[in-house]
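Novice: give me a model of this one.
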Amino acid sequence: MKRLFIDIPALLASGAAVNQIQCEYMYHRKNDGALNLLEVAEFASYCRRCEDAFCIAACPKDALERLETGVLKRWNMRCVGCKSCALACPFGTIFIEVMNYISSKCDLCLNQLADDPDYQPLCVRTAPAGCFQMAEVAEEPARYVFFVGEHLAVKSPSWLVKEGKL
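Specialist: Model (predicted):
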């Protein structure tokens, strides 16, 4: 099964501005679907999954929730963008630069892929080469490639591998 694959180290090394990556999801006011993807990827890769999560406790609107997997989810409609979560995180792993406070959500172009299995989403076509790909991807923790949900794969160094938790 093809997945949207995001190579975060390659994206950082490219020096490209994230807001240059385009999204064709018609409901995005500013086409910030890529920011939504990066937020999900960063929560999956960098969040330390603290048992007593200061970020969750600091949120005045209960916008952060820990999923069964331990990964954080931010509820966009509750979040007021106060950035209390970022200030409360003792590891500094909540990056407000990719928090999309205007509510947008990537649909991973699943409808287009159902119609055309070779479809290349606009984010893949507008991101620096190799940073976003629609490809068959194997989960390889030794290479820092992780699945985030059913249709997204992320390459990023993870503390989980470093500490032997994956």
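Novice: residue 20 reaches residue 123, doesn't it?
Specialist: No. Counting by C-beta atoms under 8 Å, residue 20 stays clear of residue 123, with 10.5 Å between them. Glycine gets a C-beta too; all of them are placed from N, C-alpha and C.
Novice: what is the end-to-end distance of stretch 132-140?
Specialist: End-to-end span of stretch 132-140 (C-alpha to C-alpha, to the nearest Å): 17 Å.
Novice: and that stretch, what's buried?
Specialist: Using 16 or more other C-beta atoms under 10 Å as the test for burial, stretch 132-140 gives 132-134, 137.
Novice: with stretch 5-17 instead?
Specialist: Residues of stretch 5-17 classed as buried: 5-8, 10-11 (neighbour count, 16+ other C-beta under 10 Å).
Novice: now do that stretch: everything it contacts.
Specialist: 18, 37-38, 41-42, 45, 127-128, 130-135, 137, 145, 152-157 (C-beta atoms under 8 Å, 6 or more residues apart in numbering).
Novice: check which residues of the helix or strand of the chain with the lowest mean pLDDT are buried.
Specialist: When the helices and strands of the chain are scored by mean pLDDT, DSSP states H and E, helix 159-162 comes last with a mean of 71. Neighbour-count burial for helix 159-162 flags residue 160 (criterion: 16+ other C-beta under 10 Å).
Novice: related to what we said a few turns ago, closest one to residue 58 out of the buried residues of stretch 132-140, please.
Specialist: Within those, the smallest distance to residue 58 is 31.6 Å, found for residue 132 (C-beta to C-beta).
Novice: any idea how far residue 59 is from the residue lying closest to residue 131 once chain neighbours are set aside?
Specialist: Nearest residue to residue 131, sequence neighbours excluded (C-beta to C-beta, 6 or more residues apart in numbering): residue 11, at 4.3 Å. Using C-beta to C-beta, to the nearest Å, we find residue 11 at a distance of 27 Å from residue 59.
Novice: and what of residue 69?
Specialist: In terms of C-beta to C-beta, residue 69 sits 19 Å off from residue 59.
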